[in-house]
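Participant: What shape does this take:
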Amino acid sequence: MGERKVFLVFILLLVPDPLFAQVDNPQCPKLCDCVDSHGEMTVTCGGEGLSQIPTDIPTSTIWLVLKYNNLAKIGSHDFKGLKQLKGIDLSHNKIKKISRGALRHLVHLDNIDLSDNALQTLSEETFAAPLAAAKQDGRRFFVFLANNPWRCDCHLKWLAEKYANDTIVYSERLVSCDSPANLNGSYVSDVPLSDFKCDPEVTFVESEQGNDATTPKTDPRVKTGSLKPLSKGATITTICVVAFAVLAVLFIMVRIGREYTTGRQDTGSEIETRPMILTDTREVYM
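Facilitator: Next up, the predicted model:
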């Protein structure tokens, strides 16, 4: 072996691997590790305290790991351009809200892990696109939902119905109700469908704009526009104001009636009303 070859081997042994990883993956996001194994790109950004999903994730990414971060919301454009994704791990974050359109372009998605987050409700529409594509291709699509503080009301009834029909799409393990109080600690799959109710006293719910809404479009309480809830307190206040107005009108009418009756009693007859003619200097009655 020539001196030149020996020198090259020596250099390769001395140079750290991360430098070569950066050269091999020049577009790897900061705080993430990118590994291309047999043509499948895996991007791992776990445990980095991220509050937003990186915007420069390679479009060739197949597996995306974002667990143990501080993500609170998944917007409709967070996975834009990542059409090759097959798996997403979002577990152990602080996610409270997921846009209905967040996964609409991910037609190759096989699974998504949403366990150990802060989700209280979730729209079935969120998974419509990847689920339809998986069924068409004969693939299995799976969603992990364990350890979230689920609010078991009418908005989550769809999930209970899936469990009742022995779904193979949505995980059932450790999916329990956090609210309302009477269902706290109960597994969603064990709660009767009739118990998934919404407060009947709420007339409107505030509808969100665009694809970031989590309230189902079919919710009978939702009307067009941005309307705020009519709370129980507001309803009582409205009734009191109307009642006070009615009582005030009645009081005035009774007062007028009494004065009219008193006038008739004082004169012994009805008060005569005569036309009045105006002159330049005084008022003359005919």
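Participant: For stretch 51-61, the averaged confidence score.
Facilitator: Throughout stretch 51-61, pLDDT has a mean value of 94.
Participant: buried set for it?
Facilitator: Residues of stretch 51-61 classed as buried: 53, 54, 57, 58, 61 (neighbour count, 16 or more other C-beta atoms under 10 Å). In this view, the C-beta of every residue, glycine as well, is placed from N, C-alpha and C.
Participant: Need those in CSV (columns: secondary structure and distance to residue 147).
Facilitator: Output for the buried residues of stretch 51-61, formatted as CSV (DSSP: H, G, I helix; E, B strand; the rest coil; distance: C-beta to C-beta, whole Å):
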residue, secondary structure, distance to residue 147
53, coil, 21
54, coil, 25
57, coil, 26
58, coil, 30
61, strand, 26
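Participant: Show me which pair in these is furthest apart.
Facilitator: Farthest-apart pair in those is 53 and 58; separation 13.3 Å (C-beta to C-beta).
Participant: Could I get the full set of helices for the protein?
Facilitator: 3-14, 17-24, 128-137, 157-164, 232-267 (DSSP state H).
Participant: How confident was the prediction at residue 93?
Facilitator: Looking at residue 93, its pLDDT is 98.
Participant: can I assume it is in contact with residue 65?
Facilitator: No. Using C-beta atoms under 8 Å, residue 93 is not in contact with residue 65, being 11.6 Å away.
Participant: more crowded one of those two?
Facilitator: Higher neighbour count among residue 93 and residue 65: residue 93, with 24 against 20, using other C-beta atoms under 10 Å.
Participant: ok, the more buried one - contacts?
Facilitator: 66, 67, 68, 69, 70, 71, 72, 116, 117 (C-beta atoms under 8 Å, 6 or more residues apart in numbering).
Participant: Most neighbours of all those, which one?
Facilitator: Highest neighbour count within the contacts of residue 93, by other C-beta under 10 Å: residue 66, with 27 neighbours.
Participant: which ones are touching the closest residue to residue 119 other than its chain neighbours?
Facilitator: Leaving aside its sequence neighbours, residue 119 sits nearest to residue 148 (C-beta to C-beta, 6 or more residues apart in numbering; 4.1 Å). Contacts for residue 148 (C-beta under 8 Å, 6+ apart) come out as 114, 115, 116, 117, 118, 119, 120, 175, 178.
Participant: Sort out which of the residues you listed are buried, if you could.
Facilitator: For the contacts of residue 148, a neighbour count by 16+ other C-beta under 10 Å gives the buried set as 114, 115, 116, 117, 119, 120, 175, 178.
Participant: Residue 245 and residue 254: what is the separation?
Facilitator: Separation of residue 245 from residue 254 (C-beta to C-beta, to the nearest Å): 15 Å.
Participant: Residue 63 now?
Facilitator: Counting by C-beta to C-beta - residue 63 and residue 254 are separated by 80 Å.
Participant: So what's the predicted local confidence for the residue lying closest to residue 31 once chain neighbours are set aside?
Facilitator: Nearest non-adjacent residue to residue 31, counting by C-beta to C-beta, 6+ apart: residue 48, 4.4 Å away. In this model, residue 48 is scored at 95, pLDDT.
Participant: cool, residue 265 as well?
Facilitator: At residue 265, the pLDDT value in this model is 54.
Participant: Kindly report the same for residue 245.
Facilitator: For residue 245, the pLDDT comes out at 82.
Participant: how close does it sit to residue 134?
Facilitator: 60 Å.
Participant: So for those two, which residue has more residues nearby?
Facilitator: Each of residue 245 and residue 134 has its neighbours counted (other C-beta under 10 Å); residue 134 has more, 20 against 10.
Participant: check contacts around residue 239.
Facilitator: Contact analysis of residue 239 by C-beta under 8 Å, 6+ apart lists nothing.
Participant: if I read this right, residue 106 contacts residue 87, doesn't it?
Facilitator: No. In terms of C-beta under 8 Å, residue 106 does not count as a neighbour of residue 87; the distance is 10.1 Å.
Participant: more neighbours, the two?
Facilitator: Set residue 106 next to residue 87 and count neighbours by other C-beta under 10 Å: residue 106 wins out with 20 against 17.
Participant: Could I get the phi/psi values of the more buried one?
Facilitator: With angles defined as degrees, to the nearest 10, residue 106 shows backbone torsions of phi -90, psi 70.
Participant: Contacts only, for it.
Facilitator: 79, 82, 83, 85, 129, 130.
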